[in-house]
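Enquirer: sequence first, then the predicted structure, then my questions.
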Amino acid sequence: MSNNGRRSFLQIATAFIGGLISLAAGIPLIGFAISPAWKKEETQWVDLGFVDNLKNSRFKKVNYAFTAQDGWVKATKKRSVYVTDLGNGEWSVFSRTCSHLGCLVRWEESENSFLCPCHGAVFDKDGAVVAGPPPKPLQKLEVKVDNGLLFVREA
Amino acid sequence: MKQFLNDRLPFDGVMAHLRKPLPKHINLLFSLGSLAMFLLLLQAATGAFLALSYTPSPDHAYNAVKYISAEVPFGKFVRGLHHWGASAMVVIVFLHLLRVVLYGSYKAPRELTWVFGVLLLLVTLGFGFTGYLLPWDEKAYWATKVGVEISGKAPILGEWVAKILRGGAEVGAVTLSRFYALHTIWLPWMAFALVGIHLFLVRYYGSSGTPNNTAEEMHSGKPFFPDQVFEDVVGMLIFFVVLACAALFAPVPLEDVADPTNADYDPRPEWYFLFLFQLLKYFQGPFEILGTFVIPTVGMLLLLFLPFLDRSERKVLWKRPIAMTVTSVCVIAIVGLTILGATAPKLETQEETQPADEVQQVTPTDTGPEDTDEEEDVFDFQLTEEEIESAKEVGEEAQ
């Protein structure tokens, strides 16, 4: 083998070994960093209290907390919702998280609307977008009543 | 000593290189780059010392920052330097970029110098974004929540990017840990690597000079060392004195501890992201993506590839009407949106004055310690495990 041929081989072999080490180390490292992207979110039912205490509520603000796993921490998650008693055992629970960028909306009785303090979004009493940037309505949470307690499904 | 170094390192060669004359008419604006580097080093130094007393955990971060400000000797001063230094760095990097645009210094053969400079601007903004989560106060939590949601609006990969940044579905312990690692390890490594390449390119191609420099004037000015270096150091001293005064006399804000249920809080980012925050108000419904993704991304790409788009050799301001018009419009838009964002009235609703006892609080038995202060003032509706079991038994008996 000529010197040139030998040197070409060494160059290619060096690049190959370098690439191999980079891939062998890089794939697990990238996987380590981006693993939250495909982590499945767990849901759970969280109680908002006794139904009797919420009877005849109209957009009543309820702050609640529940424990959930946050990485290596068993964390207390805090949430805020608006609860409305629709009668006949029906309930409407709106998440207060604006569907635009996650700020908390406020119910404004005089305007019969939810208002967002961040970018001026306005949602009507059914959660539909009336004005502002949000592309989606306000999230209505899944609810159930069990043993006299009102539950919402939490992600 | 000099001989010792000279025998082992190309000491004389380096000094000869540094003593090469700069172009004539170099003015104060050419010190902005050195000033930006000084501020980066100051941030690295103050940040390294702040990290000695900080814990990136939602349970401890807020108290750690309070402890630094209130109890650690010189803690308030060091935190002040770091806080005001961050704002100063954004201003200086922006002005440095503006000087390069106005003087046409990005043109061939300095395209790569420009590209690495724009990457440094992005890293600087990254430092700002990851840094203000660390105190874990209201501003930290809400500005980060909104900022990460913006990244989530990107098409196809947006939600993935947001989850990767947060380390999960929402801002929490993993997010704080990730942002701390980005702020103190990843971004500094990137910054110093980029600064190294940027500086190498600056020295390799030499100063671009002013647009009016003739070919003869390009190498007949004062030497870089010690003349220009001395002027740069005086600029650094003046800046340090200003920052030290700000650290001593202007209190660094620390709001209440982060509360994800506090709807009375009007989230606002740091001033250098206000223009983006304000921009989002103007795009509604299906056009939302224009404000959250299209305009910022296209703007950044145009900035990054500016030297390859503007290939003319003209550097004098009035001979570049398109470049100057676009630059002026961008600067006016950024400054204008920042002012509009800063002066936008806060939302006032009846709810803010709603008596606390109208708000129902439901907390689990193991709610964190930060809840206890507010619970004394509100109707505390807390279900214990026993109460739930008791309710279930009542229900079963009724059936």
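Expert: Nice, I can see it. Numbers count the residues shown, from 1 in each chain, chains lettered A, B, ... in the order given.
Enquirer: list the neighbouring strands of the top strand by length along chain A plus their orientation.
Expert: Longest strand of chain A, by residue count under DSSP state E: strand A:73-87. Paired strands of strand A:73-87, with direction, are strand A:60-70 (antiparallel), strand A:90-95 (antiparallel) (DSSP bridges).
Enquirer: what's the most buried one of those?
Expert: strand A:60-70 (a mean of 20; mean count of other C-beta atoms under 10 Å in any protein chain shown). C-betas here are computed from N, CA, C, even on glycine.
Enquirer: let's have the strands paired with strand A:73-87 in TSV, adding mean pLDDT.
Expert: Shown next, in TSV, are these (pLDDT from 0 to 100):
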stretch	mean pLDDT
strand A:60-70	91
strand A:90-95	95
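Enquirer: so which of the ones you listed comes closest to B:D7?
Expert: Of all these, strand A:60-70 sits nearest to B:D7, with 58.5 Å by C-beta to C-beta.
Enquirer: just the pLDDT for the nearest residue to B:F30 once chain neighbours are set aside.
Expert: Distances taken as C-beta to C-beta, 6 or more residues apart in numbering or on different chains put B:S207 closest to B:F30, at 6.8 Å, once the chain neighbours are dropped. pLDDT, B:S207: 92.
Enquirer: same check, this time on B:Q360
Expert: pLDDT for B:Q360: 69.
Enquirer: ok, now the one 5 residues further on?
Expert: For B:T365, the model assigns a pLDDT of 44.
Enquirer: domain ranges for chain A?
Expert: Chain A breaks down by automatic domain parsing into domains covering A:3-38, A:44-154.
Enquirer: any idea which of the ones you listed is most buried?
Expert: The most buried one of these (mean count of other C-beta under 10 Å) is domain A:44-154, showing a mean of 18.
Enquirer: quick one: end-to-end distance for that one.
Expert: 5 Å (C-alpha to C-alpha, to the nearest Å).
Enquirer: in the stretch 251-399 of chain B, which ranges drop under the pLDDT threshold?
Expert: B:349-360, B:363-399 (pLDDT under 70).
Enquirer: in it, which spans are strands?
Expert: Taking DSSP state E, counting those that start in this stretch as the test, the strands found in the stretch 251-399 of chain B are B:360-363, B:380-382.
Enquirer: and what of chain A?
Expert: Here chain A has its strands, by DSSP E, at A:44-50, A:60-70, A:73-87, A:90-95, A:106-108, A:113-115, A:122-123, A:129-131, A:143-146, A:149-154.
Enquirer: next, format these as CSV and append distance to B:W318.
Expert: Formatted as CSV, these follow (distance: least, C-beta to C-beta, whole Å):
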stretch, distance to B:W318
strand A:44-50, 66
strand A:60-70, 58
strand A:73-87, 57
strand A:90-95, 56
strand A:106-108, 52
strand A:113-115, 49
strand A:122-123, 47
strand A:129-131, 45
strand A:143-146, 67
strand A:149-154, 62
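Enquirer: how distant is the longest helix anywhere in chain A from the center of its chain?
Expert: The residue-count maximum for a helix in chain A (DSSP state H) belongs to helix A:3-34. Centroid separation for helix A:3-34 versus its chain: 39 Å, with C-alpha atoms, centre = their mean, to the nearest Å.
Enquirer: next one: that helix, is it in contact with chain B?
Expert: Yes - Helix A:3-34 reaches chain B (C-beta under 8 Å from any C-beta of the partner chain) through A:33-34.
Enquirer: just checking, what packs against that helix?
Expert: helix B:158-166 (3 or more C-beta pairs under 8 Å, 6 or more residues apart in numbering or on different chains; DSSP states H and E).
Enquirer: what residues of the helix it packs on count as buried?
Expert: Buried residues in helix B:158-166, counted by 16 or more other C-beta atoms under 10 Å in any protein chain shown: B:158, B:160-166.
Enquirer: of the residues you listed, list those near chain A.
Expert: B:160, B:163-164, B:166.
Enquirer: pLDDT (mean, whole number) over the longest helix of chain A?
Expert: So the average pLDDT for helix A:3-34 ends up being 96.
Enquirer: ranges for the helices of the stretch 101-250 of chain B?
Expert: Remark: helices assigned in the stretch 101-250 of chain B by DSSP state H, counting those that start in this stretch are B:111-131, B:138-151, B:158-166, B:173-181, B:187-205, B:229-249.
Enquirer: and those helices, which is most packed in?
Expert: With neighbours taken as mean count of other C-beta under 10 Å, the helices of the stretch 101-250 of chain B reach their highest mean count in helix B:138-151, at a mean of 23.
Enquirer: need the residue closest to the centroid of chain B.
Expert: Centroid-nearest residue in chain B: B:G128, 2.0 Å away (criterion: C-alpha atoms, centre = their mean).
Enquirer: so how far is chain A from it?
Expert: To chain A, B:G128 is 18 Å away according to C-beta to the nearest C-beta, to the nearest Å.
Enquirer: that residue against B:V90, yeah?
Expert: Yes - in this structure B:G128 lies within contact range of B:V90 using C-beta atoms under 8 Å: 6.3 Å.
Enquirer: out of the buried residues of helix B:158-166, who's nearest A:D70?
Expert: Using C-beta to C-beta, these come closest to A:D70 at B:R166, 10.1 Å.
Enquirer: quick check, that closest one in contact with B:V174.
Expert: Yes - judged on C-beta under 8 Å, B:R166 makes contact with B:V174 at a distance of 7.1 Å.
Enquirer: for the stretch 151-300 of chain B, list the residues in contact with chain A, please.
Expert: When proximity is defined as C-beta under 8 Å from any C-beta, the stretch 151-300 of chain B approaches chain A at B:160, B:163-164, B:166-170, B:172-174, B:177, B:259-267, B:277, B:280-281, B:283-286, B:288, B:291-292.
Enquirer: in PyMOL, how would I select the buried members of these?
Expert: Selecting only the buried entries of these in PyMOL, with 16+ other C-beta under 10 Å as the criterion:
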select buried, chain B and resi 160+163+164+166+167+168+169+170+172+173+174+177+259+260+261+262+263+264+265+267+277+280+281+283+284+288+291+292
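Enquirer: residue numbers of the stretch 1-150 of chain B in contact with chain A?
Expert: By C-beta under 8 Å from any C-beta, the residues of the stretch 1-150 of chain B that approach chain A are B:57-58, B:142, B:145-146, B:149-150.
Enquirer: returning to that earlier point: can you add distance to A:F50 and give the helices of the stretch 101-250 of chain B back as CSV?
Expert: Output for the helices of the stretch 101-250 of chain B, formatted as CSV (distance: least, C-beta to C-beta, whole Å):
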stretch, distance to A:F50
helix B:111-131, 43
helix B:138-151, 31
helix B:158-166, 34
helix B:173-181, 31
helix B:187-205, 49
helix B:229-249, 53
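Enquirer: which residues touch residue 89?
Expert: In the absence of a named chain, chain A is used. A:G89 is in contact with A:V145, counting by C-beta atoms under 8 Å, 6 or more residues apart in numbering or on different chains.
Enquirer: chain B is the one I meant
Expert: B:36, B:39-40, B:43, B:124, B:127.
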